[in-house]
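Chemist: got a sequence here, can you model it:
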Amino acid sequence: MSSFKSSLTLQTQKPTTKSTVQSTTSALSTSIESHPQLGNWYLRNYGLGPRRLVRLYTRKTSPTNRYTKVSFLTQSLKNPIANLSFSRGSAGGSLAVASGPRVSLYGGNRTAGTSDFLRALKAGSAAQSRRDGFEDDDEDSVDLFGGKKKAEDDDENNANKSANLDNIDSDRNISTGGLLAECAVHRSDGRLIAVGTEGGQVKICDANSRMTLRTFNSSKTVGGGDRKTIRDVAWMRDGKHVVAGGDDGVVRVWNVSGGMKDGGVGDKSGADFHLRGHGDKVTAVKIVSFKKDDHNIKSKKRSREAIEQDTLSSWSQLVVSGSYDHTIRAWDVESADQGGQCLSVMNHGDPVQALVVLPPTASYGRGKASKFDNLPLLVSAGGTTLKIWNPLNGSCLLTFRTMHAKTITSICLLDIPYDEAEDDDNEANRKKRHIMTASLDGLLRIHSISNEDIAAGSLPFLHGMQFSDPLSALAISQDMSRVAIGTTTGIVTVHQRRALLSKQQEVKERKEPRHGTYSYFMRGAHEKAHDPDDYLLLHQKKQKLAEYDSLLRKFRYGDALDKVLQQRQPQVVIAVIEELGKRRGLTIALSNRDEESLEAILSFTIRFIDDPKYSTYLIGVAHILCDIYGSLIGQSSVVDELFSKLRNKVANECSAQRMLLRMLGQIDFCMTTAEIESAEEKTSQSV
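Modeler: Below is the predicted model of the structure:
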């Protein structure tokens with residue numbers, strides 16, 4: 001333990017970044033535009049992006065072969081989505097959602113007729129048509145400052161959000177005995193699920209019967225010790241061992257198929273391994289599997305057939321764990337004499353939130369060979385930074401700062417084979433590795449993470465999507481057909497990719513537009529370029545700025561405030577006042593005013609200062625006006641009268657608030673008295 005450093009000593013100083021001022025009337029800004037081909041591919045096949053662009057790129061697609069999307073609230077209601085996991089299998093597999101005191105399973109072995117989840121995901125279904133009818137464009141949720149609009153009425157906002165959700169019941173539920181489920185991971189065959197709970201327990205459950213087969217405790221004795229939350233679990237390659245890490249900072253390895261001596265309920269010997277070394281809670285554990293001879297072989301181009309025939313090579317595996325002490329540790333759990341030894345310590349520089357393993361890519365058999373082809377790589381996410389490591393020697397290969405504004409909560413790997421109809425002859429894009437990141441800022445970002453990008457020292461941005469709620473979990477199915485996204489408000493959104501068709505099937509589905517129609521006039525406008533070096537540029541009309549926006553760009557704060565007051569739109573006026581506050585120019589805008597210009601801002605403040613939507617901003621404006629012009633009272637009868645009205649308005653509002661507080665106290669007293677009397681009556685009746 002003496003070799004470890006505290007979290008404070010491991011923190012690295014972050015360089016400051018300049019903030020750019022954007023137009024107050026512009027939509028949500030994307031500082032980096034999507035890739036011209038791959039960004040459109042995600043719009044067309046997954047429906048990831050603004051509704052306006054998704055409709056543009058899918059309007060020619062057959063209704064029976066379009067992407068589908070479902071958004072639903074779990075049975076745990078508004079509990080945050082702690083973890084998402086897909087099982088291996090055809091047609092996307094089963095989705096496990098860990099939220100609240102249960103793990104909900106959707107899809108899997110059920111047919112589309114008996115599963116609400118599969119029925120809603122069916123392309124061309126009535127549910128999908130109804131969803132397309134009431135789904136609004138994402139641009140409507142952007143406010144004047146490029147962020148998300150605040151709800152004017154919480155009840156109305158919740159009603160609108162509930163109306164856009166699908167009514168989907170889970171196919172099966174796995175109970176955790178009243179403990180909050182923090183993670184759930186399927187075994188490779190999909191038959192068993194390992195569930196980590198807040199009580200320090202790891203439950204091994206049957207995915208079909210929902211029965212709990214084994215229960216492992218992180219404490220030394222059953223029912224004793226300090227049971228701390230299990231944050232992440234992982235299955236080892238043999239499917240007989242499960243690895244778990246939690247708030248106590250210890251990584252444990254249990255034998256699922258062993259007897260009682262391997263850590264079952266009622267046993268005091270504990271797990272097979274206790275991997276100690278982290279100075280804070282462990283948030284992520286992963287298994288790095290590789291062939292023993294792969295990391296010693298020099299990088300070379302190998303055919304797919306040669307690798308598939310190489311079945312005699314034995315596999316080796318490491319356990320890697322990420323912690324809030326800013327470190328990632330690789331552990332040896334195979335050697336009989338050195339089992340549980342820490343092989344390397346990697347310092348991320350921020351609390352580690354998520355890990356993902358990049359398997360060796362030599363099996364692709366195409367493209368230029370790279371020095372990383374035969375190496376298993378590890379990606380760690382902490383803060384807003386991604387780092388790529390070689391877990392075999394602990395070296396850092398790349399540090400990449402994303403454009404996220406808040407902490408990255410989840411990452412997953414996408415290994416998507418692009419169909420011939422989409423990529424034509426561009427072989428460079430046939431098989432690419434992408435990494436998807438989800439953050440508390442509600443932004444989903446997709447970056448390229450091929451070995452060529454790692455060697456070049458950058459992860460090019462490909463595509464992104466903004467959500468209205470913070471994102472807490474992310475998962476993608478084994479066949480890359482479904483992407484599941486979980487939020488902190490308990491909403492799960494699943495995007496299902498449309499079926500990939502060959503060139504002949506794609507041509508059959510296309511219909512020649514009728515002469516004289518708009519489609520006939522626009523034919524060919526959205527065709528892909530045949531040359532891989534050509535790009536299709538979409539002409540976007542330049543947005544015209546409002547007059548007060550132009551004045552703000554010229555730092556004429558007083559003129560901008562006067563101009564927006566003339567429009568008599570309180571929401572726009574408050575938006576400009578908030579922008580002036582962010583720029584620290586509100587005092588400048590309110591200073592040096594004559595009687596006429598002062599009358600306008602005073603009249604606006606008097607009218608709306610008691611409105612709960614605007615009082616937060618106008619109280620500050622009133623304070624500044626009193627500080628600047630308080631000494632000038634008596635010089636102008638008009639200004640004196642306005643200040644008198646302002647004082648009376650504030651006094652009346654304060655009086656009303658005091659009366660409401662008194663009334664609230666009386667109501668609370670009556671309710672408490674009624675509850676006490678009701679309890680006494682029940683007690684007397686029972687006696």
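
Chemist: just list what the helix or strand encompassing residue 243 packs against, helices and strands only.
Modeler: With secondary structure defined by DSSP states H and E, residue 243 is part of strand 241-246. Contacts defined by 3 or more C-beta pairs under 8 Å, 6 or more residues apart in numbering; DSSP states H and E place strand 241-246 against strand 192-197, strand 201-206, strand 230-235, strand 251-255, strand 282-291, strand 315-323. Any C-beta I mention is one placed from the backbone N, CA and C, and that applies to glycine too.

Chemist: relative orientation of it and strand 192-197 in degrees?
Modeler: Counting by axes from the mean of the first three to the mean of the last three C-alpha atoms, to 10 degrees, strand 241-246 lies at 20 degrees to strand 192-197.

Chemist: run the angle between strand 241-246 and strand 201-206 for me.
Modeler: Going by the same axes, to 10 degrees, strand 241-246 makes 140 degrees with strand 201-206.

Chemist: relative to strand 251-255, how tilted is strand 241-246?
Modeler: Here strand 241-246 runs at an angle of 150 degrees relative to strand 251-255 (the same axes, to 10 degrees).

Chemist: so what strands line up beside strand 241-246?
Modeler: Under the criterion DSSP bridges, strand 241-246 sits next to strand 230-235 (antiparallel), strand 251-255 (antiparallel) in its sheet.

Chemist: tell me the contacts of the residue lying closest to residue 323 once chain neighbours are set aside?
Modeler: Spatial nearest neighbour of residue 323, chain neighbours left out: residue 278 (4.1 Å); criterion: C-beta to C-beta, 6 or more residues apart in numbering. Residue 278 sits next to 4, 245, 249, 250, 251, 321, 323, 325, 327, 329 when contact means C-beta atoms under 8 Å, 6 or more residues apart in numbering.

Chemist: show me the contacts for the fourth one.
Modeler: So that's residue 250. 218, 274, 275, 276, 278, 282.

Chemist: now do the SS call for the second one.
Modeler: At residue 274 the chain is in strand, as set by DSSP: H, G, I helix; E, B strand; the rest coil.

Chemist: wouldn't it be in contact with residue 333 here?
Modeler: No. Taking C-beta atoms under 8 Å as the definition, residue 274 is not a contact partner of residue 333, at 11.0 Å.

Chemist: isn't residue 624 right next to residue 587, touching?
Modeler: Yes. The pair residue 624 and residue 587 qualifies as a contact (C-beta under 8 Å) at a distance of 5.8 Å.

Chemist: from the contact counts, what lies against the helix ranked longest in the chain?
Modeler: In the chain, with assignment by DSSP state H, the single longest helix is helix 637-686. When contacts are defined as 3+ C-beta pairs under 8 Å, 6+ apart, helix 637-686 sits against helix 595-608, helix 615-629.

Chemist: possible to save those helices as CSV with mean pLDDT and distance to residue 256?
Modeler: Output for these, formatted as CSV (pLDDT from 0 to 100; distance: least, C-beta to C-beta, whole Å):
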stretch, mean pLDDT, distance to residue 256
helix 595-608, 89, 64
helix 615-629, 89, 55
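
Chemist: would CSV of these with distance to residue 410 and mean neighbour count be doable?
Modeler: Shown next, in CSV, are these (distance: least, C-beta to C-beta, whole Å; neighbours: other C-beta atoms under 10 Å):
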stretch, distance to residue 410, mean neighbour count
helix 595-608, 42, 17
helix 615-629, 33, 16
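
Chemist: of all those, which lies closest to residue 51?
Modeler: helix 615-629 (31.4 Å; C-beta to C-beta).

Chemist: chain center to that closest one: distance?
Modeler: Centre-to-centre, helix 615-629 and its host chain are 39 Å apart (C-alpha atoms, centre = their mean, to the nearest Å).

Chemist: and the contacts of that helix?
Modeler: Contact with helix 615-629 is made by 574, 577-578, 581, 586-587, 590-591, 598, 601-602, 605, 608-609, 639, 643, 646, 650, as judged by C-beta under 8 Å, 6+ apart.

Chemist: again with stretch 553-567
Modeler: Contacts for stretch 553-567 (C-beta under 8 Å, 6+ apart): 21, 23, 545, 547-549, 551-552, 572-573, 576-577, 580, 583, 585-586, 588-593, 597, 600-601, 604.

Chemist: contacting residues around residue 98?
Modeler: Contacts of residue 98 (C-beta under 8 Å, 6+ apart): 81, 82, 83, 84, 85, 181, 182, 183, 184, 195.

Chemist: could you do residue 85 as well?
Modeler: Contacts of residue 85 (C-beta under 8 Å, 6+ apart): 95, 96, 98, 184, 185, 186, 193, 475.

Chemist: repeat the analysis, applying 10 Å as the threshold.
Modeler: Listed by C-beta atoms under 10 Å, 6 or more residues apart in numbering, the contact set of residue 85 reads 93-98, 103, 105, 183-186, 193-194, 233, 473, 475, 477, 484.

Chemist: what about the helices in the stretch 1-150 of the chain?
Modeler: 7-10, 38-45, 51-58, 116-121, 126-134 (DSSP state H, counting those that start in this stretch).

Chemist: just the stretch 301-450 of the chain next, same as before
Modeler: In the stretch 301-450 of the chain, helices defined by DSSP H, counting those that start in this stretch lie at 304-309, 420-423, listed in chain order.

Chemist: which stretch in the helices of the stretch 1-150 of the chain has the least confidence?
Modeler: Lowest mean pLDDT of those: helix 7-10, a mean of 41.

Chemist: so where's the stretch 351-500 of the chain uncertain?
Modeler: Low-confidence segments of the stretch 351-500 of the chain (pLDDT under 70): 362-369, 417-431, 500.

Chemist: number of nearby residues for residue 71?
Modeler: Applying other C-beta atoms under 10 Å, we find 19 residues neighbouring residue 71.

Chemist: please apply the same query to residue 522.
Modeler: Here the count is done by other C-beta under 10 Å, and residue 522 has 10 residues near it.

Chemist: list the beta-bridge partners for residue 483.
Modeler: Here residue 483 sits in beta bridges with residue 476, residue 495, going by DSSP bridges.

Chemist: and it, what is it in contact with?
Modeler: Counted by C-beta under 10 Å, 6+ apart, residue 483 has contacts 42, 46-48, 69, 84, 86, 92, 412, 414, 436, 444, 474-477, 493-497.

Chemist: before we move on, what about residue 642?
Modeler: For residue 642, counting by C-beta under 10 Å, 6+ apart, the contacting residues are 595, 598, 599, 601, 602, 603, 605, 606, 625, 636.

Chemist: about what we covered before: from the chain's centre, how far out does the longest helix of the chain sit?
Modeler: In terms of C-alpha atoms, centre = their mean, the centre of helix 637-686 is found 41 Å from the chain centre.

Chemist: quick one, that helix and helix 595-608 angle?
Modeler: Inter-element angle recorded for helix 637-686 and helix 595-608: 10 degrees (by the same axes, to 10 degrees).

Chemist: now do helix 637-686 against helix 615-629, angle only.
Modeler: If you take the same axes, to 10 degrees, helix 637-686 sits at 140 degrees to helix 615-629.

Chemist: what about helix 637-686, average pLDDT?
Modeler: Helix 637-686 carries an average pLDDT of 89.

Chemist: which residues in the stretch 451-600 of the chain form helices?
Modeler: Under the criterion DSSP H, counting those that start in this stretch, the stretch 451-600 of the chain carries helices at the ranges 451-456, 503-509, 518-521, 547-553, 557-565, 570-582, 586-590, 595-608.

Chemist: distance to residue 60 for the ones you listed - can I get that in TSV?
Modeler: Putting the helices of the stretch 451-600 of the chain into TSV (distance: least, C-beta to C-beta, whole Å) gives the following:
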stretch	distance to residue 60
helix 451-456	32
helix 503-509	9
helix 518-521	8
helix 547-553	37
helix 557-565	43
helix 570-582	38
helix 586-590	50
helix 595-608	49
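
Chemist: most tightly packed of the ones you listed?
Modeler: Highest mean neighbour count among the helices of the stretch 451-600 of the chain (mean count of other C-beta atoms under 10 Å): helix 557-565, with a mean of 21.

Chemist: and that helix, C-alpha only, in CSV?
Modeler: Taking C-alpha atoms only, helix 557-565 is exported to CSV below (Å, rounded to 0.1, in the frame of the first residue of the first chain):
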residue,chain,number,x,y,z
TYR,A,557,-24.2,46.5,-24.9
GLY,A,558,-26.4,49.6,-24.2
ASP,A,559,-27.7,49.8,-27.8
ALA,A,560,-28.4,46.1,-27.9
LEU,A,561,-30.5,46.3,-24.7
ASP,A,562,-32.4,49.4,-26.1
LYS,A,563,-33.1,47.6,-29.4
VAL,A,564,-34.4,44.4,-27.8
LEU,A,565,-36.7,46.4,-25.5
